[in-house]
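Novice: Pasting the sequence and the predicted coordinates here, then a few questions.
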Amino acid sequence: MSPDLFDSPLFLAGMALAALGFVFLLLGLAALLRLRPLSFLVRTLAGALLIALGALAGAVAVGVQGYRALTREDIAARIVVQPGKAPQRFTATFRYPDGRSATYEIAGDEIYVDAHILKWSPYANFIGLHTAYELDRVAGRYHSMKDEQAAPRTLHALGPERPVDLFAIRRRYAFLSPLLDAEYGSATFVPVTRPAELELRISTTGLLIREAKPSPAK
């Protein structure tokens with residue numbers, strides 16, 4: 001779990017709500033011991049509600065870990081592709097803005113990448129939640145439909161395993177739609193015919209891949 005999680009305002013708010021909820025539960029228990037059933041009921045319900053809100057805030061804070069804030073158009077990764085010795089085989093090395101890199105062996109004529117985009121409603125923007133993205137997977141794609149159906153397929157996960165998957169939760173529970181529009185996925189693919197360095201870019205309209213511009217000579 002990222003250390004940044006513990007500095008998240010949403011996570012801290014969730015912890016504060018949960019702590020306050022436990023205080024109300026203790027006050028409710030004290031009221032019960034003093035034979036004050038109405039006070040016990042009110043304080044227990046208030047405590048349970050605060051704990052539930054705190055848990056929800058904490059779950060959202062955990063769920064957005066790993067997503068990167070999306071402004072206008074960002075470079076999500078640089079991809080170096082290298083055709084292999086065998087036909088319809090190539091490697092793809094992803095280099096991320098944070099310095100990470102990973103190399104994948106891929107079968108196909110084209111490189112295919114998709115992503116999840118969390119598009120929060122204006123209500124969520126008030127608590128600091130803004131549009132963010134996470135790369136989901138990379139795969140090979142064939143030109144021919146026959147190859148797509150019969151040739152070997154390769155698929156690699158780009159996103160980490162997460163304890164709270166907001167994208168999946170949104171698809172499962174429609175009542176969250178006023179807060180989070182997470183049904184927005186995007187994909188892009190380009191042919192791999194020669195060694196090249198590509199830029200994987202992402203904007204609020206989706207993913208695109210273009211060939212990287214050569215670095216200016218020093």
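Specialist: Done, it's in.
Novice: tell me which element Ile209 is part of?
Specialist: Here Ile209 sits within strand 206-211, counting by DSSP states H and E.
Novice: which one is Ala16 nearest to, not counting chain neighbours?
Specialist: Spatially, and ignoring its direct neighbours in sequence, Ala16 is nearest to Gly54 (7.3 Å; CB to CB, 6 or more residues apart in numbering). All C-beta spots, glycine's among them, are computed from the backbone N, C-alpha and C.
Novice: Count residues in the vicinity of the one you found, would you?
Specialist: 21 (other CB atoms under 10 Å).
Novice: Just the mean pLDDT for the helix or strand encompassing it, thanks.
Specialist: Using DSSP H and E, Gly54 maps to helix 37-63. Taken as a whole, helix 37-63 has an average pLDDT of 78.
Novice: Check stretch 158-172 too.
Specialist: 67.
Novice: before we move on, the earlier item: surely the residue nearest to Ala16 is in contact with Met15?
Specialist: Yes. Using CB atoms under 8 Å, Gly54 is in contact with Met15, at 6.7 Å.
Novice: related to what we said a few turns ago, pairing partners for the strand holding Ile209, with directions?
Specialist: strand 196-203 (antiparallel) (DSSP bridges).
Novice: which residues sit against the partner strand?
Specialist: 70, 72-81, 94, 111, 113, 115, 117, 133, 135, 186, 188, 190, 207-212 (CB atoms under 8 Å, 6 or more residues apart in numbering).
Novice: now the strands: where do they sit in this structure?
Specialist: In the chain, the strands defined using DSSP state E lie at 68-69, 73-83, 89-95, 101-107, 110-120, 132-141, 155-157, 180-191, 196-203, 206-211.
Novice: Give me the packing partners of the helix holding Gly54, helices and strands only.
Specialist: With contacts defined as 3 or more CB pairs under 8 Å, 6 or more residues apart in numbering; DSSP states H and E, the packing partners of helix 37-63 are helix 9-33, helix 166-172.
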